[in-house]
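Student: 3D model of this:
(one chain, ligands or ions: 1)
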Amino acid sequence: MTEAITFDPQEKLFVLRMQRSFYAMRILSDGQLVHVKFAAADPTVQPLRLSRLDEYPEADFSSWENQTRLWEFPTFGDISYHDVALKAAFPAGGIPLCAQDGAIDPIRDLRLRYRGHEIRTDAAPGLSPAHGRPARKQATLRQTLIIDMQDLGFDFCVRLFYRLTPECDIIERWVQLENRTATPVAIESLAFATIHLPLGEYDLTHTAGSWAREFIPVTQSLHQGSTVLKQQGLNTGHSINPAFFVQPRGLATPAGGPAYFGALAYSGNWSLRFEALPTDPIRIHGGYETDDFALHLAPGQTHTTPAFVFGVADDGFGGASHRLHRFIHDYVLPVPAHTSSRPVLYNSWEAVYFDMTVESQVRLASIAAAIGVELFCVDDGWFKGRRSDHAGLGDWVVDKTIFPEGLNPLIEAVKKLGMRFGLWVEPEMVNPNSDLYRAHPDWVLHFPTRPRTELRHQLILDFGRPEVVRHVHAMLDALLQEYDITFFKWDMNRHATEPGSVAGREIWFRHVAGVYSIMDQLRKKHPRLEIQSCSGGGGRVDLGILGRVEQVWTSDNTDALDRVYIQDGFSLFYPPGVMECWVTHEHNHQTGRVLQLEVRFDTAMRGVLGIGTNLDRLSVEELDTYRRNIAFYRKIRPIIEQGRLHRLSTARDHGASAWQMVLPDGSQSIYSLVVVHSLLGHQVPCHPLRGLVPNATYSISDASERELLRLSGTQLMTLGLPGDHRHIYVKAGIRSRTVLLSRVE
Ligand code: GLA
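Tutor: Prediction:
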């Protein structure tokens, strides 16, 4: 076993070795730290030969084309005429200056030089979960390289962290700033890391969209200049998500070629800048969005950023997705508090909206339990004054006009039916029509004398005030103490505008830190609590929030065919095992489209299954179909949660989304096909399956539990499933299929 992190003191070369990739950097004679190479390769087979002259000549600054270096962490100072990772301003006051210099204040010049390094196994990025529930593989101690850099004049220190997860080919990078000077330092921009890709031409793939249309994949070429993905907000954002692939143009496919990938572990004002320079490779700066940003470091103060998670796969986008999925499953998500699988959930939002009564909830709960639901979640409308979205947010006490005896009668009924109980909350918000706002009108983000914009009739609480964070925590804690609630759907339903806060411009990251800290404290005190992250659908999905929730609401759009595009995009970066999907009404409430129950189930079964239909209105036959499908889902659920996903075709590129999920030992697999559009008579091609055992025999069955046929692993991996068993002719009116493949011999 080769060392994961090595340092060659002669060459002054650091090499970080992952399973099938490596990352190298070097200290130059003047102490600058420069990037050398980051690439997919098996470092044990190909010993690295990174000669200083071949890979990185000491710069000759005598001509235009050489006037740059690949700084590992570029700062505003050292020949910084491109984007930088860090810009700091040091007050000149106090420093003896000659008379002419007196007017130049502050000094915006930071030049980092190497001071030393160490390797540790207990380092963690800023805003790491503090709820005490470990990730599945937290016990495996991962090596972190820490490189100490210091300004050549100011006593200002920047520590660069590189934590390795070799089996996922993933590096997490973050930085810690320490102001050891006697005066405050203003940080004007700050990335968690800058990464450099080898010279070449690249395309960028990420997801974009809007409310109800999140996670739609987009690919664009990176041309000279900067391409910026960003969110100036207090949630991760619907329109753009902080996760990406960058692939050398023409080389990467779903299953082959190098694909660089990355994601930010942070849920607020984030930015990813892809900078294509004329003479240099691509640089990617990932960190805080700084359009409206401030960070003041008082003397002696430190700031540790969250992590920029990245890596490179040698087996295409599929390999990149797989590495991220595995990393999230093993190292990010908290170990579930209850069963190891995500429960099948019922949520009554689309069934009753604000028209909630105890009787209707109890009735829905009893039908839900009968069809196999495991978790019953009461959505918006249960708390004081909340008869519409005009009032009530902020008052997290039960509305006695709806629940005269509190929630306990409903919770007891739900528990008696064998289900867990969950509740919707939107803790960061307040309606002006609420007791909280009447008591504390100053507790919201606003600028004095200026209008307070209400979006969805609500304002945002100022988490820059510690007393507000304490109050919100106390309200939720009281609910958890009084009631047996084991699941919160934590929502967040508006854009941030007029961000006036007592914390000034630091509010952007203080808000995110406040949300994380409330979640962490609640989870710590109530270890049976699980959380779903929701922000008007999929507006808060990222590696930061995934460290403190079990699942995410992917989109408010529950139309099965629209959803397939959303799922294709979501699954590029995030695992199906956290992707909550509901079966809702035949006549979809968002799009008005009418779709058969089969396609609604086949789509929803690809992730964490939920039911959102008004069960009260269904016939006995329909309920029986629900029951059968839920039973089938519970059988295939471990494959969805633990299997490797292969996207065999996508809705965007092929008009049909075909997913295969397969357990690591090839013993079981699911094939899921949804045709989103097709010409009459058009047949979707057979997709050779992956990851099966060639000479094993597989029994193929569907929700009816009947065996449809048996085929060998080789047949399935060369010819795919025979078309006549998929019935996918649109003329026949069937759009989708989910089958289970189980090894029998
Ligand atoms: C948001 C959520 C929905 C629902 C409503 C309730 O829009 O995304 O699922 O909970 O709020 O107001």
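
Student: which residues of the protein fall in helices?
Tutor: 52-55, 316-327, 349-352, 358-371, 408-416, 435-439, 466-482, 507-525, 560-573, 597-604, 620-642, 651-654, 713-718 (DSSP state H).

Student: Just say which of these is most tucked in.
Tutor: Burial of those is given as mean neighbour count (mean count of other Cβ atoms under 10 Å); helix 560-573 ranks first at a mean of 26. Every C-beta, even on glycine, is put in place using the N, C-alpha and C of the backbone.

Student: and the angle from that helix to helix 597-604?
Tutor: 20 degrees (axes from the mean of the first three to the mean of the last three Cα atoms, to 10 degrees).

Student: ends of stretch 696-704, how far apart?
Tutor: End-to-end distance for stretch 696-704: 24 Å, by Cα to Cα, to the nearest Å.

Student: where does the chain have low pLDDT?
Tutor: 1-2, 43-61, 63-67, 94-102, 139-140, 279-280, 680-681, 724-734 (pLDDT under 70).

Student: Quick check: closest non-adjacent residue to the closest residue to the ligand within the chain.
Tutor: Nearest residue of the chain to the ligand: Asp380, at 3.4 Å (Cβ to the nearest ligand atom). Nearest non-adjacent residue to Asp380, counting by Cβ to Cβ, 6 or more residues apart in numbering: Trp424, 5.2 Å away.

Student: Around the one you found, how many other residues sit close by?
Tutor: Neighbour count of Trp424, defined by other Cβ atoms under 10 Å: 21.

Student: Quick check: it touching Arg386?
Tutor: No - with contact defined as Cβ atoms under 8 Å, Trp424 does not count as touching Arg386 (10.1 Å).

Student: Mind listing the shared neighbours of the two?
Tutor: Common neighbours of Trp424 and Arg386 (criterion: Cβ atoms under 8 Å, 6 or more residues apart in numbering): Asp380.

Student: and the residue of the chain closest to the ligand, what are its phi and psi?
Tutor: Main-chain torsions, Asp380, degrees, to the nearest 10: phi -60, psi 150.

Student: Might you enumerate the residues of the stretch 501-650 of the chain proximal to the ligand?
Tutor: Cys534, Gly536, Gly537, Trp553, Asp556 (Cβ under 6 Å from any ligand atom).

Student: Tell me who's in contact with the residue nearest to the last one when sequence neighbours are not counted.
Tutor: If I follow you right, that is Asp556. Spatial nearest neighbour of Asp556, chain neighbours left out: Gly537 (3.9 Å); criterion: Cβ to Cβ, 6+ apart. The neighbours of Gly537, taking Cβ under 8 Å, 6+ apart as the test, are Trp211, Ala212, Glu214, His238, Trp553, Thr554, Ser555, Asp556, Asn557.

Student: Any chance of those residues in a markdown table with neighbour count as columns?
Tutor: As requested, the contacts of Gly537 are arranged in a markdown table below (neighbours: other Cβ atoms under 10 Å):
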| residue | neighbour count |
| --- | --- |
| Trp211 | 16 |
| Ala212 | 18 |
| Glu214 | 28 |
| His238 | 26 |
| Trp553 | 25 |
| Thr554 | 27 |
| Ser555 | 29 |
| Asp556 | 19 |
| Asn557 | 22 |
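
Student: From those, which land in strands?
Tutor: The members of those that map onto strands under DSSP state E are Trp553.

Student: Make TSV from the contacts of Gly537 and add distance to Gly592 to it.
Tutor: Listed next are the contacts of Gly537 as TSV, based on distance: Cβ to Cβ, whole Å:
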residue	distance to Gly592
Trp211	17
Ala212	13
Glu214	20
His238	21
Trp553	21
Thr554	20
Ser555	16
Asp556	15
Asn557	12
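
Student: my guess is Gly300 meets Asn179, correct?
Tutor: Yes - using Cβ under 8 Å as the test, Gly300 is close enough to Asn179 to be in contact (6.8 Å).
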